[in-house]
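Student: need a 3D model of the sequence below.
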Amino acid sequence: MRTPGRVVIFTLLVLALAAGALLVAPGPRAASEPSASEARSAAVEAAHRAHLPATRGSHLYQYEHPGRRRFEPAKVYDPTPPPPGRAPDGVREYTLVIEENVPHEVAPGVTVPAWTFNGTVPGPVLRATEGEVLRVNLVNHGTVPHTIHFHGIHPASMDGVFELVPPGGSAIYEFVAQPYGIMPYHCHSMPTSQHIHNGLYGMVIIDPKQGRPPMRELAMVMSAFDLDRDGEADFYAWNGRAFQYADHPIELDRGEPVRMYVMNIFEEAMVPHMHGTLYHLYPSGTSLRPSEYTDVKTLSIAERAILEFRYDFPGTYMFQCHVTEHMEQGLMGWFRVVNGPAQAKAHTGH
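Tutor: Numbering: from 1, shown residues only. Reported below is the predicted structural model:
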């Protein structure tokens, strides 16, 4: 039988425990108060905000599998270079016209006022055979002096540094095409960074006298565009337009040998990489023997190379710059590898 004293003590103990529970129990969370996990997520985002990808590139224009086109076909830069061969009279002649503030859609829906050779960025691919006379007529339709500087071997008077061509003027560059390989050309007027970054650059292919084995050929210039001139590129591109070969994949036949002339004209290292195959590498194109069999190679500013490859399996394969920021901001595309007529015939048994 319980005594009154024990009942009182038990009651007081129960009340004390209940009061303690009320003190430690969490109250209702205000609607505007973040949870612990939300607070942690916000802190992580704030700490790494400076490292998030550039909105213009990765978030708005992330690459997609082929199927949704965003560039009009007429705006896609044809990657096919002029065919090899000898000039009948030994003279290879071109005319390059410089115009300023030409509307250039550098990414889908983003247009910049570019400076162009013959209306395109990059300028047209020039091609000659070693030993031919290369004659280039420059016509300046711009508002400031311009030049053309050709990499390679030529007289000082043809170097395009001191010989400024005034607005409305013209000049002829003439020299023997040598050595064989890939040579950049670009404006060298001061400030040279302005003239190159605005789009005044292109590729020269000089073929060896004995030629190279016949292959499907592509000419691909790697570049970038700093729209607000803050020192950070906003878009990177194959042949002057970010994502154009993602919108319009380049079709190849299975087993088809391909020769790709690649040049980096921007002042950051570019790293051409192919998925699903490897390529024979000819640095600068100045040798007939490959130096390496690989799928990735770093090219610094003005470096170039020939990549020879083929695909053994049909399907869709990315080709890209392996610097991920460059890829995500436009320097990527797709090869669509299909069974050509020979493979289709073999497959059907006819």
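Student: any low-confidence regions in the stretch 151-300 of the chain?
Tutor: For the stretch 151-300 of the chain, applying pLDDT under 70 flags no range at all.
Student: let me see the ranges of the helices in it.
Tutor: 192-197, 244-247 (DSSP state H, counting those that start in this stretch).
Student: between those, which gets nearest to residue 149?
Tutor: Among these, the nearest to residue 149 by C-beta to C-beta is helix 192-197 (8.7 Å). Where C-beta positions appear, they are placed from N, C-alpha and C, glycine not excepted.
Student: show me what counts as buried in the closest one.
Tutor: 195-197 (16 or more other C-beta atoms under 10 Å).
Student: what is that helix packed up against?
Tutor: strand 181-186 (3 or more C-beta pairs under 8 Å, 6 or more residues apart in numbering; DSSP states H and E).
Student: so how far is the strand it packs on from its chain's centroid?
Tutor: 18 Å (C-alpha atoms, centre = their mean, to the nearest Å).
Student: ditto for stretch 229-243
Tutor: 7 Å.
Student: circling back to that earlier point, reformat the helices of the stretch 151-300 of the chain as CSV; add distance to residue 223.
Tutor: As requested, the helices of the stretch 151-300 of the chain are exported to CSV (distance: least, C-beta to C-beta, whole Å):
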stretch, distance to residue 223
helix 192-197, 9
helix 244-247, 12
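Student: hey, what's the nearest residue to residue 299 once chain neighbours are set aside bridged with?
Tutor: Computed as C-beta to C-beta, 6 or more residues apart in numbering, the closest residue to residue 299 that is not its neighbour in sequence is residue 264, at 4.2 Å. Taking DSSP bridges, one finds residue 222 as the beta-bridge partners of residue 264.
Student: same check on residue 217?
Tutor: Bridge pairing for residue 217 - DSSP bridges - gives residue 259.
Student: which residues does it contact?
Tutor: 80-81, 258-261 (C-beta atoms under 8 Å, 6 or more residues apart in numbering).
Student: taking these, tell me the two that lie furthest apart.
Tutor: Greatest spatial distance in these: 81 and 258, 12.4 Å, computed using C-beta to C-beta.
Student: find residues that contact each of those two.
Tutor: Common neighbours of residue 81 and residue 258 (C-beta under 8 Å, 6+ apart) are 217-218.
Student: pull the contacting residues for residue 285.
Tutor: Neighbours of residue 285 in contact, by C-beta under 8 Å, 6+ apart: 180-182, 205, 261, 304-306.
Student: kindly apply the preceding question to residue 211 instead.
Tutor: With contacts defined as C-beta under 8 Å, 6+ apart, residue 211 is in contact with residue 84.
Student: can you tell me how far it is from residue 288?
Tutor: 10 Å (C-beta to C-beta, to the nearest Å).
Student: how about residue 245?
Tutor: Distance of residue 245 to residue 288, given as C-beta to C-beta: 28 Å.
Student: equivalent analysis for residue 85, please.
Tutor: Counting by C-beta to C-beta - residue 85 and residue 288 are separated by 18 Å.
Student: and if you look at residue 165?
Tutor: With the distance defined as C-beta to C-beta, residue 165 ends up 36 Å from residue 288.
Student: so the two - more neighbours on which side?
Tutor: The neighbour count for residue 165 versus residue 288, taken as other C-beta atoms under 10 Å, is higher for residue 165 (20 against 11).
Student: ok, now which ones touch the more buried one?
Tutor: Residue 165 touches 138, 140, 145-147, 171, counting by C-beta under 8 Å, 6+ apart.
Student: out of these, which sit inside strands?
Tutor: The members of the contacts of residue 165 that map onto strands under DSSP state E are 138, 140, 171.
Student: show me which strand runs longest in the protein.
Tutor: If you go by DSSP E, the chain has its longest strand at strand 91-107.
Student: parallel or antiparallel, list what pairs with that strand.
Tutor: The pairing partners recorded for strand 91-107 under DSSP bridges are strand 110-117 (antiparallel), strand 133-140 (parallel).
Student: could these be laid out in CSV, adding distance to residue 325 and mean neighbour count?
Tutor: Shown next, in CSV, are these (distance: least, C-beta to C-beta, whole Å; neighbours: other C-beta atoms under 10 Å):
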stretch, distance to residue 325, mean neighbour count
strand 110-117, 17, 19
strand 133-140, 35, 19
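Student: which of the ones you listed comes out lowest on mean pLDDT?
Tutor: Among those, strand 110-117 carries the lowest mean pLDDT, at a mean of 92.
Student: ok, then the element right after that one?
Tutor: strand 126-129 (DSSP states H and E).
Student: now tell me what touches that next one from outside.
Tutor: Residues outside strand 126-129 that contact it (C-beta under 8 Å, 6+ apart) are 81-87, 92, 94, 134, 136, 177, 185, 202-209.
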